[in-house]
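Asks: sequence and predicted structure are below.
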Amino acid sequence: MNPVCDVAENYDQYFASQLYDQRYPRPNPSSFAIVAREIHEGRKKVLDFGCGNGRYAAPLLDQTDAKIVGCDISREAIDELSVRCARHVEAGQLRLVCGDLSVLINAMGRNENFDLAILMFGVLGHIFPRVLRQKTLATIRSLLRPGGRIVVTVPNAARRFLKQQTMAQHLVRKGHLEPGDILYERKADHVTVNMYYHLYSLEEFMRELEQQGFRLIQVGAESFLPESGIVKSTPLHWLDRTLTTIAPLRYAYGFLAVAETTPEIATIRAPRTTGPGLPG
Ligand SMILES: C[S@@+](CC[C@H](N)C(=O)[O-])C[C@H]1O[C@@H](n2cnc3c(N)ncnc32)[C@H](O)[C@@H]1O
């Protein structure tokens, strides 16, 4: 459990206030194209972990023949997505799970697995502490079929929340947070949402994927310009794509990796549980 804020409750507020939809009304077009490509290549059984209210799942269901399991810790997000994609739920193309990874595992069939897992726009960074982020990656790997893939994006510590990183230092020194962790706020008209986030270096991101049994296929920028700008403005998106070809990756706003399960490590699925114990 996060020591400083309740992620589910805060995301409930974030989605219910519609602040999230105002800031991010559609998916990042480049990240979306990468996920759609993975599905078109035949990876059709998809886990959207931290799916939110369906910014990726909804258009993926409309534009591909993916079958998606959407899992999110926020009840508000899951309720919004079930209304938004009611016909896909009825058709059996979308199954929704409200809860963390332990709830997802209990909801899955014994031999059920996925071709592709996506963790889009910082989902991993909301999981505290480091050991649970690592366990999350390892568990997701165990839910993938051999040769299954993950598409995951994380925020870049060198670009994001510099002031909050300075402010978090005393909490890191006291041992309440870990290096790279921050606390921040999002404000809507009547709502202040308090958030925890872990910001990554590129090296840390790649190392964690490799240590949890993934072989990197592609590592690049999620974007260089802020996500809230490029998802609302086509010219900004095109400018962002140009930056991708010329700017060093270490200046990216966020990193995106596509990785495949490595065959060397035996896939051992985490045991089914009836209570907490896995990432939340
Ligand atoms: C920044 S939002 C991204 C949502 C969606 N992937 C998108 O791109 O719009 C992060 C999401 O991760 C979810 N989340 C955070 N921690 C989680 C956990 N331990 N298990 C499941 N979902 C989690 C939050 O509720 C939130 O919906």
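Replies: Cool, the structure landed.
Asks: and the residue lying closest to residue 65 once chain neighbours are set aside, what does it touch?
Replies: The spatially closest residue to residue 65, leaving aside those adjacent along the chain, is residue 44, at 6.2 Å (CB to CB, 6 or more residues apart in numbering). Heads up, the C-betas are built off the backbone N, CA and C, glycines and all. Taking CB atoms under 8 Å, 6 or more residues apart in numbering, we find residue 44 in contact with 64, 65, 66, 67, 115, 116.
Asks: which residues touch residue 149?
Replies: Residue 149 sits in contact with 38, 43, 115, 116, 117, 217, 258, 259, 260, 261, where contact means CB under 8 Å, 6+ apart.
Asks: rerun at 10 Å
Replies: Residues in contact with residue 149, defined by CB atoms under 10 Å, 6 or more residues apart in numbering, are 38, 41, 43, 114-118, 214-215, 217-218, 258-261.
Asks: can you list the buried residues in the helix or strand harbouring it?
Replies: Secondary structure assigned from DSSP states H and E places residue 149 in strand 144-155. Of all the residues in strand 144-155, those buried under the rule 16 or more other CB atoms under 10 Å are 144, 148, 149, 150, 151, 152, 153, 154, 155.
Asks: just checking, residue 25 touches residue 54?
Replies: No. Applying CB atoms under 10 Å, one finds residue 25 not in contact with residue 54, separated by 11.9 Å.
Asks: the strand or helix carrying residue 135 packs against which elements?
Replies: Assigned by DSSP H and E, residue 135 falls within helix 130-143. When contacts are defined as 3 or more CB pairs under 10 Å, 6 or more residues apart in numbering; DSSP states H and E, helix 130-143 packs onto strand 45-49, helix 101-107, strand 114-119, strand 144-155, helix 202-211, strand 214-223, strand 254-261.
Asks: and the closest residue to residue 186 other than its chain neighbours, helix, strand or coil?
Replies: Using CB to CB, 6+ apart and skipping the chain neighbours, the partner closest in space to residue 186 is residue 193 (4.5 Å). What DSSP: H, G, I helix; E, B strand; the rest coil gives for residue 193 is strand.
Asks: contacts only, for residue 193.
Replies: So residue 193 contacts 5, 9-15, 17, 19-20, 184-187 (CB under 10 Å, 6+ apart).
Asks: do residue 12 as well
Replies: Residue 12 makes contacts with 6, 73, 74, 75, 76, 77, 79, 193, as judged by CB under 10 Å, 6+ apart.
Asks: just checking, the fourth one touches residue 53?
Replies: No. Contact status for residue 75 versus residue 53: not in contact, 11.1 Å apart, counting by CB under 10 Å.
Asks: what touches both of the two?
Replies: With CB under 10 Å, 6+ apart, residue 75 and residue 53 have common neighbours 11, 15, 16.
Asks: now the phi/psi pair for the second one, please.
Replies: Think residue 15. Backbone torsions of residue 15, given as degrees, to the nearest 10, read phi -70, psi -40.
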